[in-house]
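Student: When you get a sec, could you give me coordinates for this:
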Amino acid sequence: MAHKKWVVREADKERATVLSEKFNIDPFIAYMLTARGMGDDLTVSKFLSDSFETVSPFKFADMEEAAFTVGDAIDYGEKICVYGDYDCDGVTSTALLLSFLRREGADVFAYIPDREGEGYGLNKDAITKIHEDGAELIITVDNGISSVEEAEYIYSLGMRLVVTDHHQLGDVMPRAEAVVNPHREDNDLDFREYCGVGVAFKLICAMYEGDISELVDEYIDLVTIGTIADVVPLLGENRAFVKLGLDRINNSPRKSLVPFRNTASGKKFTSNDIAFQLCPRINAMGRMGSAMEAVDFLLSEDEAECEKMYELLTQQNSKRQNVEKEILDAIEQQISDNPKLVSERVIVIAGDGYHHGVIGIVASHILERYGKPAFVIGIDDDGVARGSARSVAGFNIHEAISACSGDLIKFGGHPLAAGITLNADKVDDFRQHINEFAYNNYDIMPPQELVIDCKLSPFYINTELVDNIAQLEPYGAENPSPVFGVYNMTVTEISPLSEGRHTRFELEKKGKRMKAAMFSHSPESLPIRVGDRVNAAVRVSKNLYNGKEYLSVHIADICLAGIDDDKYFKEKNDYELYRAKGTVCGTLYPDRDVCACIYKYLRACGGYDYSLDDLYFRLQSKATYGQLVIAIKAFVQAGLIDYSGKITLKTNTGKVDLDSVPVLRTLKGKMLSEQRN
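Tutor: Residues are numbered from 1 along each chain as shown. Prediction:
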């Protein structure tokens, strides 16, 4: 688990006091709102409001043309194809528009491309098949904005196209009867961060001649699921969508969602429950099987069929998790065999047969584990390599890929996530070039950050706090579940949960004890011991058990107290620049005293089983990061230790002259050369 830089939000306390009095809200909630940048009256009023104020769909450019085109196709009995996408947003978009058009009497069918065989968006083979099936109009949902050549092909076959999408526009828009996209400059919109299903919902609102509330009642749950899944900001109309949708899912779910609702055991689902329990199941169908089966599931009215299909979704999600673990295990073995793979600024790892449906998730795990932008690339039997990337805020991965486009067949994405296709024999070149870009364009690589809403005493971590912050729900992008920092806690107990898959800590400060769980980390994997003084970043909720509510505290991150983040990241960057460019600074050379201190600690511990970063924190400023790493290399070269992710002491070693080992001789020579120059 990579060390994150904690960033504590700052709040205007005077403004918070004013908001608390004006809106009659708890002072702590007012403080939280100002800390999250919501300080003006209008923003706070809209955020706290339970009313649903829908934005006119005709504020979208081309919406009138889109509504007329689709309406005419229905009236004239033309066959329509809804062309969707295989992720959760695309599936809910497809289900929503397909259902609405059917109820309007349209001759309509849906097509979702296969993730493995076809990839994202419109493709000519699919268009040919759709034409052969008799379609005269194609409506895209959650895709299409970049399909310029494919749009021309649609028209060459005598069909027409309506595009509804939410992805960023390119230099040229595709030929179409209408292009509905919230990012068009000619929209009359104040809020533009809709997802695909949100745009599709706006289209059916534009087409519907009845009371819009009827559409809300019927489809708001689908809009909610897609909005949560696509991680668009839960502000503006998106927040209203999700509030209403959660109410529908909790109180009157459609038949397909009844099996999911029945898993709640009386608990009300939150946006986090949808994000981490339902959305992965829907996504799994597009990753491991057929996304159209997920569409059929969502629209099914047969209770027995819904139960059967929900079980299939669960099985596919378990299969996805198993495949994901297999790839992660294979990657960890690669890293163990070749630690240089994770020593660069950008991690690029490739393997034969990595399932394309899960490599994006795996890249997220690698980013989380090592704190660096990460590419995971699967190489097919035909020698074509397809990869997914995830990045940290501040390092634009799309910009970096663009600088290496000569190595690639195609690529696309956003600042934090991207996809690439290249020939397998170009992977090493790409790894070299993207790291050259990182070193040449970023003097300091942005660290992975964790935003802390505020520091709290453990005395305030209770169920009353949970009830208070419930006013901030639903949580999602740009309105995340609050994270609180509790500092200088003493670890009094560490125990395994769920057969060692998770860890429970008992923490204490000034007589106040607090139990907290950390998921997906076994006690053995964490470099924390009983007696340590730690800082913990926590989220709080309530659990229902035997009719009673209990406080639940989840640890998002934990680290030793007293760490100077700025010093750590600066020293680590100094060492990386030395390793990559030979840049020498005074924080690198471990003199005899520093080496003795480090080796004495290793002897006392009988070696060390965790990362060098964790060892650095244990030493607490007795060595800089560069001194530590170079000292460890010197110990290896001198035959004092073995290091392969863990440090093992060697026995029967005689007296050694560290000054003579290559790594220290080289560094000393460079330092002398720098002094002479």
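Student: Who does the worst-scoring helix or strand of the chain on mean pLDDT pair with, and is each partner parallel or antiparallel?
Tutor: Here the helix or strand of the chain ranked lowest by mean pLDDT, DSSP states H and E is strand 410-413, holding a mean of 81. Within its sheet, strand 410-413 is paired with strand 417-423 (antiparallel), according to DSSP bridges.
Student: and the partner strand, how far from the chain's centre?
Tutor: Relative to the centre of its chain, strand 417-423 is centred 18 Å away, using C-alpha atoms, centre = their mean, to the nearest Å.
Student: tell me which residues of that strand are tucked away?
Tutor: Applying a neighbour-count criterion of 16 or more other C-beta atoms under 10 Å, one finds Ala418, Gly419, Ile420, Leu422, Asn423 buried in strand 417-423. The way it works is simple: take the backbone N, C-alpha and C, and place the C-beta from them, glycine included.
Student: And the residue nearest the centre of this protein?
Tutor: The centroid of the chain falls nearest to Ser364 when counting by C-alpha atoms, centre = their mean (6.5 Å).
Student: That residue contacts Ala389, correct?
Tutor: No: counting by C-beta atoms under 8 Å, Ser364 stays clear of Ala389, with 10.0 Å between them.
Student: Need the overlap of contacts for the two.
Tutor: Counting by C-beta atoms under 8 Å, 6 or more residues apart in numbering, the shared contacts of Ser364 and Ala389 are Ala374.
Student: Looking at the buried residues of strand 417-423, spot the one nearest Arg618.
Tutor: Ala418 (36.2 Å; C-beta to C-beta).
Student: residue contacts, the closest one?
Tutor: Counting by C-beta under 8 Å, 6+ apart, Ala418 has contacts Ser388, Ala389, Ser391, Ile397, His398, Ile401, Phe411, Gly412.
Student: wait, the fifth one sits on Ser405?
Tutor: Right, the one you point to is His398. No: the pair His398 / Ser405 is not scored as a contact, 10.8 Å apart, by C-beta under 8 Å.
Student: which one of those two has more residues nearby?
Tutor: Counting neighbours by other C-beta atoms under 10 Å for His398 and for Ser405 shows that His398 has the greater number, 17 against 13.
Student: Can you identify each of the strands in the stretch 501-650 of the chain by residue range?
Tutor: 502-509, 512-518, 533-545, 548-560, 641-643, 647-649 (DSSP state E, counting those that start in this stretch).
Student: Export those to TSV and append columns for mean pLDDT.
Tutor: TSV is the format used below for these (pLDDT from 0 to 100):
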stretch	mean pLDDT
strand 502-509	97
strand 512-518	96
strand 533-545	92
strand 548-560	93
strand 641-643	92
strand 647-649	95
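Student: Dump those to a markdown table, plus mean neighbour count and distance to Asn573.
Tutor: What follows is the strands of the stretch 501-650 of the chain, written out as a markdown table (neighbours: other C-beta atoms under 10 Å; distance: least, C-beta to C-beta, whole Å):
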| stretch | mean neighbour count | distance to Asn573 |
| --- | --- | --- |
| strand 502-509 | 19 | 31 |
| strand 512-518 | 18 | 28 |
| strand 533-545 | 18 | 22 |
| strand 548-560 | 17 | 19 |
| strand 641-643 | 16 | 22 |
| strand 647-649 | 17 | 23 |
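Student: Relative to His355, which of those is closest?
Tutor: Across these, His355 has its closest neighbour in strand 502-509 (25.7 Å, C-beta to C-beta).
Student: neighbouring strands for the closest one, and are they parallel or not?
Tutor: Partner strands and pairing direction for strand 502-509 (DSSP bridges) are strand 484-497 (antiparallel), strand 512-518 (antiparallel).
Student: Please tabulate the ones you listed in CSV, including the columns distance to Glu311.
Tutor: Shown next, in CSV, are those (distance: least, C-beta to C-beta, whole Å):
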stretch, distance to Glu311
strand 484-497, 26
strand 512-518, 28
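Student: Any idea which of the ones you listed gets closest to Val346?
Tutor: Minimum separation from Val346 across these (C-beta to C-beta) falls at strand 512-518, 27.9 Å.
Student: gap between the closest one and the chain center?
Tutor: The answer for strand 512-518 is 26 Å, by C-alpha atoms, centre = their mean.
Student: what inclination does it have with respect to strand 548-560?
Tutor: Put simply, strand 512-518 runs at 80 degrees to strand 548-560, going by axes from the mean of the first three to the mean of the last three C-alpha atoms, to 10 degrees.
Student: Need the residues that contact strand 512-518.
Tutor: In contact with strand 512-518 (C-beta under 8 Å, 6+ apart) are residues 457-459, 461, 486, 489, 492, 497, 502-508, 526, 536, 538, 552-555, 558.
Student: what do you get for stretch 397-406?
Tutor: So stretch 397-406 is contacted by 346, 373, 389-391, 408, 411-418, 420, 430, 433-434, 437-438, 441 (C-beta under 8 Å, 6+ apart).
Student: just the buried members of the residues you listed?
Tutor: Buried by 16+ other C-beta under 10 Å: 346, 373, 389-391, 408, 411-413, 416, 418, 420, 430, 433-434, 437-438, out of the contacts of stretch 397-406.
Student: check contacts around the residue nearest to the centre of the chain.
Tutor: Neighbouring residues of Ser364 by C-beta under 8 Å, 6+ apart: Ala374, Arg390.
Student: what about it, helix or strand, and which?
Tutor: helix 359-370 (DSSP states H and E).
Student: got the buried residues for that helix?
Tutor: For helix 359-370, burial by neighbour count (16+ other C-beta under 10 Å) applies to Ile359, Gly360, Ile361, Val362, Ala363, Ser364, His365, Ile366, Leu367, Arg369, Tyr370.
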